[in-house]
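J.: Mind folding the following:
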Amino acid sequence: MNKKSYDELKLLYGLDYVNAFEKMQSPARLERLYDYFELEAGYVVADFACGNGMLMSYLSSRVKHYFGIDFSEHFVKQANDSKDRLMISNATFVCSDIVDFCINNPGKFDVGFALDFSEHVYDDEWLEILRAIKSLLKIGGKLYLHTPNADYFIEIMKKYNFLIHSSI
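T.: As a prediction, the model looks like this:
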């Protein structure tokens, strides 16, 4: 497999991808995770590869400040539009590479979220991202990880309506 450059990846996840993502996304895929998040009102949180900021509406009312980080300027614009539409004042969206953002913000965050993007990252880069996120978190900080797995038997059962209710 040929590894794509940063610029090639930015093109791949450009405006067409962002618009398609908006049409197909389902908030339910993340809502089932909410009960597992341990949050406090004073927390500052980082949502990595935030996309259009889907977590913002849930997290912003439960924490001091929400930061959404994504390398796609199109996703960041869409997220900022959503923030303005919802009149959320304690959210900031940053167009940045995750590692660069973490290097510039060491030890400043209580919680990090890395949800549903590891499958889009090369293994060596994933390890670099995890190390960077660790440096961003305060001592005792938490990182929530989630990766969809369409081949997991529970996902297949849900697809064919064999499951009425499931928890993670």
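J.: Apart from its chain neighbours, what residue comes closest to the spatially most central residue of the chain?
T.: Closest to where the C-alpha atoms of the chain average out (C-alpha atoms, centre = their mean) is residue 50, at 3.7 Å. Nearest residue to residue 50, sequence neighbours excluded (C-beta to C-beta, 6 or more residues apart in numbering): residue 68, at 3.3 Å. Every residue, glycine included, has its C-beta placed from N, CA and C.
J.: Report the beta-bridge partner residues of that neighbour.
T.: residue 47, residue 93 (DSSP bridges).
J.: what's it in contact with, if anything?
T.: 47, 50, 53, 55, 56, 76, 79, 91, 92, 93, 94 (C-beta atoms under 8 Å, 6 or more residues apart in numbering).
J.: can you tell me how far the third one sits from residue 45?
T.: Distance from residue 53 to residue 45, counting by C-beta to C-beta, to the nearest Å: 12 Å.
J.: can I assume residue 45 is in contact with residue 108?
T.: No - under the criterion of C-beta atoms under 8 Å, residue 45 makes no contact with residue 108, lying 10.7 Å away.
J.: hey, what's in contact with both of these two?
T.: Listed contacts common to residue 45 and residue 108 are nil; contacts here mean C-beta under 8 Å, 6+ apart.
J.: what about the two, which has more around it?
T.: Neighbour totals were compared for residue 45 and residue 108, and residue 45 leads with 25 against 14 (other C-beta atoms under 10 Å).
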